[in-house]
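Visitor: below is the sequence, then the predicted model.
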Amino acid sequence: MSSGCLRTPLFDRHVALGARIVPFAGYEMPVQYDSVIAESKAVREAVGMFDVSHMARLWLRGERALGFLEWMTANDVSKLADGKGQYSLLPNERGGTVDDIIVYRISPNAFRMVVNAANHTKDVEWLQAHNDRGVEIEDETDRTAMIAVQGPKALATLAALSDQPERFSTSALFDVLDARIAGVDCFAPRSGYTGEEGCELVCAAEDAGRLWDALLQAGVKPCGLGARDVLRVEAGLPLYGHELADDLSPIAAGLGWVISKTKEFLGCEPIRRAREEGTPTKLQGLRMAGRRLPTVGAKVFVQGREVGEVSSGVFSPTLDCGIAFAFVDASIPLDTPCEVELRGKREPATIVSKRFLRKRG
């Protein structure tokens, strides 16, 4: 293991549970405890938890914070009420994507932002470089931890451990549920990266072990990065560096729904052109005819013609076959038979919707 890797406040818990540890985004992270299939099924059928403390957590404060975020992000921050959040993007001037993010409005002059671990430094520097409005940008990542609790039984499990159980049954996606869970004060938004119901619990770093242990005792299965990747592909959720990039339009990735059609923001003109004119390729799903795992970079063919390339691929235990995201020729309709070239052999597949599973939250 690289001595340069960071560790989350829960690292010792992962080691004690026998997790396989790998370097990821500058951290030593658990890729799996049991098996990727067992962990994926636990989240789909009951409840699992992920240490996502490697993801960066920021505060943005000040009288001009709202205006700053309106300019810097693609979604309509002005539509948020206190205690509400939204999925969004940090676009660049060229109409590409610096990162995909979540923004939460805490009060009219205070917002929280969660960004990808691999883009932590880049995002903070990007925000600071464009901060001409005197907005206070505070990085609280090192002082906090974040645990994602996901699955059809997630909210009931959290309610049973909470001092405000009723809030978990009445909340909607991206609602902020500040609560004490297992005696630990948590910023607890209804969010996640699995397509299931759940919350991402942010607490003080020194309280993370106590919270993790309480969840473990309540029957929540610990899950690693491997299962998280399977679950997000099944749910049709993009990953920066695969489906999003600085030189790739988010319109091609199918994220037009998260981009404002009315406000002015950084990079809005090239994004609007891409929306109006279309893009040469479009992100679609691939469903393999068998259990072969599609690999990143694998070429996609239709009637012998190369039409695209795989950006993410996993074996789906829910569907019992290989599935993938691929950027393919935008003119090709869904349900088109295709082939994916794996190790010199073309394997049969079908171009389908990238939302393989339509789940709750």
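Guide: Structure received.
Visitor: so for Ala204, what's the nearest residue that isn't a sequence neighbour?
Guide: In space, and not counting its chain neighbours, Ala204 is closest to Thr144: 6.2 Å by CB to CB, 6 or more residues apart in numbering. For glycine as for every other residue, the C-beta is placed from the backbone atoms N, C-alpha and C.
Visitor: verify the stated contact: the one you found with Val52.
Guide: No: look at Thr144 against Val52 with CB atoms under 8 Å: they stay out of range, at 11.2 Å.
Visitor: who's more crowded, the two?
Guide: Taking neighbours as other CB atoms under 10 Å, Thr144 and Val52 compare with Val52 leading, 21 against 17.
Visitor: which residue is nearest the centroid of this structure?
Guide: Tyr193 (4.6 Å; CA atoms, centre = their mean).
Visitor: and that one, what is it in contact with?
Guide: Residues counted as contacts of Tyr193 (CB atoms under 8 Å, 6 or more residues apart in numbering) are 52, 148, 150, 228, 231-232, 235, 237.
Visitor: for Thr8, same thing?
Guide: Per CB under 8 Å, 6+ apart, neighbours of Thr8: 27, 29, 51, 53-54, 145, 208.
Visitor: likewise Val352?
Guide: 284-287, 334-335.
Visitor: now swap in Ser171 and tell me
Guide: Going by CB under 8 Å, 6+ apart, the list of residues near Ser171 reads 155, 177, 190.
Visitor: drop anything exposed from the contacts of Thr8.
Guide: Neighbour-count burial (16 or more other CB atoms under 10 Å) applied to those gives 27, 29, 51, 53-54, 145, 208.
Visitor: could you export those as CSV, including pLDDT and distance to Phe315?
Guide: Formatted as CSV, the buried ones among the contacts of Thr8 follow (pLDDT from 0 to 100; distance: CB to CB, whole Å):
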residue, pLDDT, distance to Phe315
Tyr27, 97, 25
Met29, 98, 20
Asp51, 98, 23
Ser53, 98, 27
His54, 98, 24
Ala145, 98, 30
Ala208, 98, 31
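Visitor: can I get those residues in a markdown table including distance to Asp329?
Guide: Output for the buried ones among the contacts of Thr8, formatted as a markdown table (distance: CB to CB, whole Å):
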| residue | distance to Asp329 |
| --- | --- |
| Tyr27 | 37 |
| Met29 | 36 |
| Asp51 | 39 |
| Ser53 | 40 |
| His54 | 36 |
| Ala145 | 44 |
| Ala208 | 46 |
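Visitor: which ones among the contacts of Tyr193 are found in helices?
Guide: Judged by DSSP state H, these include 228, 231-232 as members of helices.
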